[in-house]
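*Asks:* got a predicted structure here, sequence first:
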Amino acid sequence: MALKDIIVVGASAGGVDALQRLCAALPADFPAPIFIAQHLSPSARSVLPQLLDRVGPLRALAPVDGQTIEPGHIYVAAPDRHLLLRDGKVLMRRGPVENRTRPAVNALFRSAALHYGARVIGVVLTGLLDDGTDGLIAIKAAGGTSVVQHPDDAEWPSMPRNALKRDHVDQALPLADLPALLMQLVREEAGPSLPLPQEYRVEDQIAAQEFAVMEPEIITPGQPSHISCPDCGGVLNQIKAEDEIRFRCQVGHAYTPLGLAAAQNDELERALGIAVRTHRDRIRLFGQMSDSAVARGLTLATRRWKEASKDSEQLVAVLEEAMASLRKPVSDGEG
């Protein structure tokens, strides 16, 4: 019987330090490959593979598309690319963003669950919101093992905390205890792999760009939700699997509920920012027109322009207060 020999790790805020600590504590004879999705800026050059290669005995690298998987290697997702797994190889693909990020933890975990089933160990570390929760659910549904860094030990506890709230996590441990746990798990036999719903396979193919989502013969998973996609404005389909809800549009952009709420906040803040800038321009215009009216002795016009300027100043104050409210973190509570 196969062993639990495929490890996928997801992290966001605080993840670079956590990943270095984890990889530094793994032994040179660690027998399994490790695949890492750390949220990254799409335009920045990542030095994470070099950092992880330097701190521990295992070789860490950013793989190329189609690269063969080797035991005892650490494969790190590159900026603006999803890291996906296939039988014996990795894919690096620029599929649609998920939860506003590429690479996405859910995309990696989903592909591992589909192609390696019960052999997979999924690990969620520190991070914001809930990327990784749906991925861990897929891993568990396929017969795999799920582990999270204990929220009390995480620099940013939202990602592991949200995973724990879904009642599917096998173990939650401090980061310092994870290397020993992984050494134990990779020597255990995997149980039987279980088939996943077709929706997971379609979403994996979307992330891998194996077809265009809007091809006539491709049916986007789920049912129309009457909510628009913050990225493209298209209709979001609501997908329910394993009692979890997520969203995906016809273009392929994907969201968890918390990710969607955060993206909507961003869109609102951008719109309010445009409104604030426009009103400030109007205040300058009204000021110039008021000065002109004063110079010409036009009392009524002067009053009208000053009142208009005052109205815009009040609106700016209201808009800025609304923007400040939007900057508060989206709740990671129930639902």
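*Replies:* Great, that's in hand.
*Asks:* rest of the way, CA atoms for contacts and neighbours
*Replies:* Will do.
*Asks:* list the beta-bridge partners for residue 120.
*Replies:* For residue 120, the beta-bridge partners are residue 6 (DSSP bridges).
*Asks:* correction: the previous question concerned residue 86.
*Replies:* In this structure, residue 86 bridges to residue 89 when assessed by DSSP bridges.
*Asks:* how far away is it from residue 152?
*Replies:* Plainly put, residue 86 is 34 Å away from residue 152 if you go by CA to CA, to the nearest Å.
*Asks:* got it, and residue 328?
*Replies:* Relative to residue 152, and taking CA to CA, residue 328 is found at 21 Å.
*Asks:* kindly report the same for residue 37.
*Replies:* Going from residue 37 to residue 152 by CA to CA gives 22 Å.
*Asks:* residue 328 and residue 152 - which one has more neighbours?
*Replies:* residue 152 (13 against 9; other CA atoms under 10 Å).
*Asks:* the more buried one: what secondary structure?
*Replies:* helix (DSSP: H, G, I helix; E, B strand; the rest coil).
*Asks:* mind listing the strands for the stretch 201-335 of the chain?
*Replies:* Assigned by DSSP state E, counting those that start in this stretch, the strands in the stretch 201-335 of the chain fall at 223-228, 235-241, 244-249, 254-255.
*Asks:* any idea which of those strands gets closest to residue 117?
*Replies:* Comparing the strands of the stretch 201-335 of the chain against residue 117 with CA to CA, the closest turns out to be strand 235-241 (16.7 Å).
*Asks:* and that closest one, average pLDDT?
*Replies:* Averaging pLDDT along strand 235-241 yields 90.
*Asks:* now residue 119. Nearest residue, chain neighbours left out?
*Replies:* residue 4 (4.1 Å; CA to CA, 6 or more residues apart in numbering).
*Asks:* give the contact list for that neighbour.
*Replies:* Residue 4 makes contacts with 118, 119, 120, 121, 185, 186, 187, 188, 189, 190, as judged by CA atoms under 8 Å, 6 or more residues apart in numbering.
*Asks:* just residue 51 next, same as before
*Replies:* residue 20.
*Asks:* quick check, it in a strand?
*Replies:* No. Per three-state DSSP, residue 51 lies outside any strand segment and is helix.
*Asks:* please renumber the chain so that the first residue is 2 from this point on.
*Replies:* In the new count, where the first residue is 2, that last one comes out as residue 52.
*Asks:* so which residues of the chain form helices?
*Replies:* 16-25, 49-56, 106-117, 134-142, 159-165, 179-186, 199-208, 258-296, 300-327 (DSSP state H).
*Asks:* of those, which is nearest residue 241?
*Replies:* Closest to residue 241 of the helices of the chain, according to CA to CA: helix 199-208, at 9.3 Å.
*Asks:* tell me what that closest one is packed against?
*Replies:* helix 106-117 (3 or more CA pairs under 8 Å, 6 or more residues apart in numbering; DSSP states H and E).
*Asks:* quickly list the domain ranges of this structure.
*Replies:* Structural domains annotated on the chain: 7-186, 259-327, as defined by automatic domain parsing.
*Asks:* which one, of those domains, ends up nearest to residue 246?
*Replies:* domain 7-186 (8.9 Å).
*Asks:* so who does residue 138 touch?
*Replies:* So residue 138 contacts 169, 243 (CA under 8 Å, 6+ apart).
*Asks:* let's see 6 Å
*Replies:* Residues near residue 138 by CA atoms under 6 Å, 6 or more residues apart in numbering: none.
*Asks:* how far away is residue 38 from residue 230?
*Replies:* Distance, residue 38 to residue 230, using CA to CA: 24 Å.
*Asks:* picking up where we left off before, of the helices of the chain, which is nearest residue 80?
*Replies:* Among the helices of the chain, the nearest to residue 80 by CA to CA is helix 49-56 (10.3 Å).
*Asks:* between helix 16-25 and the closest one, find me the angle.
*Replies:* Computed by axes from the mean of the first three to the mean of the last three CA atoms, to 10 degrees, the angle separating helix 49-56 from helix 16-25 equals 40 degrees.
*Asks:* for helix 49-56, give the mean pLDDT please.
*Replies:* Taken as a whole, helix 49-56 has a mean pLDDT of 97.
*Asks:* ok, back up a step: just name the most buried of the domains of the chain.
*Replies:* domain 7-186 (a mean of 22; mean count of other CA atoms under 10 Å).
*Asks:* quick one: terminal-to-terminal distance for that domain?
*Replies:* By CA to CA, one end of domain 7-186 lies 10 Å from the other end.
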